[in-house]
Each structure stands twice: as structure tokens, then as C-alpha cells.
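1. Predicted model follows, preceded by the sequence.
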Amino acid sequence: MAIHNSKLSDIEIIERVISGEKALYELIVRRYNPYLYKIGRSYNYNHEDTQDLMQDTYVDAFKNLKQFEQKANFKTWISRIMLNNCFRKKEKSSYKNEFAQEVNENLTPMFTLKNNDAHHDVLSKELGTVIEVALDDIPTDYKMVFTLREINGMNTEETAEALQISQENVKVRLNRAKTMLRDRIAKAYSPDEIFEFNLVYCDAMVERVLKEIDKL
């Protein structure tokens, strides 16, 4: 049976999980499935590989919950674990330094969150495909910044920490990513229209992760 308690904060959940309520970890999995899924897909992994990376990330996070410093942002912390797993799988080298060029300090989201309505309820598969293909055309360095900032809603500082680059580089890469996407994607599209992680997959991920942590 699924656990539904959105009122608990990440810190409250973590403290109770560490105290022995392992089943509550389901809340963490459900809460961060959309974020981790978008990271994996934006790193050019397919659906199946992304799910495997998500499972590894949740298990890694669970095993290191006691090392999580509560002064940090949990979203940033678990996103960093996911990114590390993605990097490790691709055997990518560390990001090269970039020099900031003409940074626009007044960045506005390319995607705007909209309230659910009748029109928004029906999302065409064609639209989803167009957006994913457009993102696939962007170099990984820029795509990851775009995903964390615009789709996952991280601020500049959180994104810089997660990717271990400077905040200036975050701004530069975001500007460049937007420039690359501007002609391909309409501004009205919302973040939740990209790389959806549907409830059926969410339930399966919860089951997979809980099964793994029960072995620990």
C-alpha cells in the first residue's frame, strides 16, 4: 500500500528512516522520481537505463543518509548522486572550465508553469517527441544545466553545486542552451510536459527501491 504524506519535509522523512522506519523512504522515491528521471533522460539515457540509474541513486542515497548534512539541500544532494552515476556510466571526463561571456543577469524561465486545465490535460505524444529531440540536439554540458535550472527548478547556486561548476558558468551555459532551443520549442510549454515519469513507472520504482533496501 502506497504511503501518502506530503506534509513531511525531506529532513523529517530522513530522520525517521534513519530511526528505523524504512518504509517511509517511499516518500523520498515518489518525491524525486520526476527530477531524477529528467536528469537521466537529459543525459541521453533511454527509459530503461534511466530507471536503473534512478534505482542505483536511491539505494546509494539510502546507504549514505547518515552522512547527509542537513544544512545542505536534499534535492541538490540526491541530484548530485544521480549525476555522478550518469557520469560514471558514461565514463565522462570532468567538465572543462568556461569563461563567462555576456551573461544576462535577468534570466527568465523558457518554460512557464501553468495551472492544470482542460487543454493541459491532453498532451500529444508528438509534442513530447519534438521537445525530447530538440534537447537531444544540445551538447550535454548545456543540456544538463538547462534540465536542472529550467525543468527541475533548481536555482543557480544549487545547479552550480550539483554540477561542480561556477555560478557564472551556469549562467553562460543556460543562456547558450536557451539560444539553441529558442527556435525549436515554444515558450508556452511547461516543464512537466518534458520527459514525463508516469505513475505506473513511479509505483514500479518504489517497489524496486524498497526491495533493494530491504536487502541492506
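-> Sure thing, it's come through. Treat the numbers as computed from the prediction; the structure is a model and nothing was measured. Residues are numbered from 1 along each chain as shown.

2. Return the residues in contact with residue 161.
-> 73, 76, 80 (Cβ atoms under 8 Å, 6 or more residues apart in numbering). No exception for glycine: its C-beta is placed from N, CA and C like everyone else's.

3. Report pLDDT for it.
-> pLDDT recorded at residue 161 is 93.

4. host element of it?
-> Here residue 161, judged by DSSP states H and E, is contained in helix 156-163.

5. buried stuff in that helix?
-> By neighbour count on 16 or more other Cβ atoms under 10 Å, the buried set for helix 156-163 is 156, 158, 159, 160, 161, 162, 163.

6. And for stretch 22-42?
-> Quick answer for stretch 22-42 (16+ other Cβ under 10 Å): 24-42.

7. just to revisit the earlier point, just the closest of the buried residues of helix 156-163 to residue 211, please.
-> residue 162 (27.6 Å; Cβ to Cβ).

8. how close does the closest one sit to residue 80?
-> 5 Å (Cβ to Cβ, to the nearest Å).

9. how about the spatially most central residue of the chain, secondary structure?
-> The centroid of the chain falls nearest to residue 35 when counting by Cα atoms, centre = their mean (2.9 Å). Assigned by DSSP: H, G, I helix; E, B strand; the rest coil, the conformation of residue 35 is helix.

10. quick one: the residue nearest to it when sequence neighbours are not counted and residue 38, what's the gap?
-> Spatial nearest neighbour of residue 35, chain neighbours left out: residue 152 (4.9 Å); criterion: Cβ to Cβ, 6 or more residues apart in numbering. Distance of residue 152 to residue 38, computed by Cβ to Cβ: 6 Å.
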